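Novice: Task: produce atomic coordinates for the following.
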Amino acid sequence: MNKVSCSAKVAFKKVTHVIFDLDGLLLDTESIYKRVFSDIAKKYGKIYTPEIQAKVIGRVELDSAKVAVTEMKLPISPSQFLQQYKSMAESSLASVGIMPGAERLVRHFHSKQVPIAVATSSGQDTYDLKVSKHKSLFSLFSHVVTGGTDPEVERGKPSPDIFLVCASRFKDKPKPEQCLVFEDAPNGVQAALGAGMQVVWVPDKQTDENLGKMATLKLNSLDEVKPELFGLPPLKQ
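Specialist: Numbers count the residues shown, from 1 in each chain. Model (predicted):
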């Protein structure tokens, strides 16, 4: 059963634009990250716990590496961690799959002329690698903001910068309250709320539900999305 957070007891507000996170929301990358981070931790006798994962996901790569190194007390620098991560993850990221319900939802919004965009903490090169086998789908987005390399995104999630920049790049420049964000990471939920946007949270099953309890709506999968709740065209049954 869908769980609406306490903050969302009032009616949802109508929106006109939609912003999607990428990792763990549109693309099934989190399982790759989890495996690679765990393998690096294991090399140094450490454990990549769900608690540390919750602090890592959603951040730009360097920030994720800093958190991982600090939290696990690894005897390497964040840049060394990133170097190992990239060499271990590259082949898997190039063939990453799409999350359940993601393609249907994106194509639905595009067909109904709902403006859609992506706001990802990835850098441009990493983004290009991840979507290389899904170019048809990702060509449907109005634009993509790659927070890891975009000069206008001064601070990564959980700061709201990336969502505000993303909204400003729609042709008609909607107000933040006109945008609905889809996120999987607690850091992303915090960033979207900080930007003044409603946010649908689709967390990893291992994520502590309390970390995203302020989300406008919590779902188990994008298959459960009902766009009409936010004044958007409903999906065909």
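Novice: For my notes, confirm residue 180 occurs in a helix.
Specialist: No - using DSSP: H, G, I helix; E, B strand; the rest coil, the assignment for residue 180 is strand, not a helix.
Novice: what's the neighbour count on it?
Specialist: Applying other Cβ atoms under 10 Å, we find 28 residues neighbouring residue 180. Quick note: C-beta positions are derived from backbone N, CA and C, even for glycine.
Novice: which residues does it bridge with?
Specialist: Under DSSP bridges, the beta-bridge partners of residue 180 are residue 18, residue 198.
Novice: Would you check how far apart it and residue 152 are?
Specialist: Distance check for residue 180 against residue 152: by Cβ to Cβ, to the nearest Å, it reads 21 Å.
Novice: How about residue 35?
Specialist: For residue 35, the distance to residue 152 - Cβ to Cβ - is 32 Å.
Novice: Equivalent analysis for residue 166, please.
Specialist: Look at residue 166 and residue 152: by Cβ to Cβ, they are 10 Å apart.
Novice: Would you mind telling me which of those two has the busier surroundings?
Specialist: Neighbours per residue (other Cβ under 10 Å) separate residue 166 from residue 152, with residue 166 holding more: 28 against 13.
Novice: helices or strands up against whatever helix or strand the more buried one lives in?
Specialist: Assessed by DSSP states H and E, residue 166 sits inside helix 161-168. With contacts taken as 3 or more Cβ pairs under 8 Å, 6 or more residues apart in numbering; DSSP states H and E, helix 161-168 sits against strand 17-20, strand 116-120, strand 143-146, strand 179-183, helix 186-194.
Novice: got the CA coordinates for that helix in CSV?
Specialist: What follows is helix 161-168, C-alpha atoms only, in CSV (Å, rounded to 0.1, in the frame of the first residue of the first chain):
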residue,chain,number,x,y,z
ASP,A,161,21.1,24.1,-6.1
ILE,A,162,20.8,21.4,-8.7
PHE,A,163,16.9,21.5,-8.7
LEU,A,164,16.8,25.3,-8.9
VAL,A,165,19.2,25.3,-11.8
CYS,A,166,17.3,22.5,-13.5
ALA,A,167,14.0,24.4,-13.2
SER,A,168,15.6,27.6,-14.5
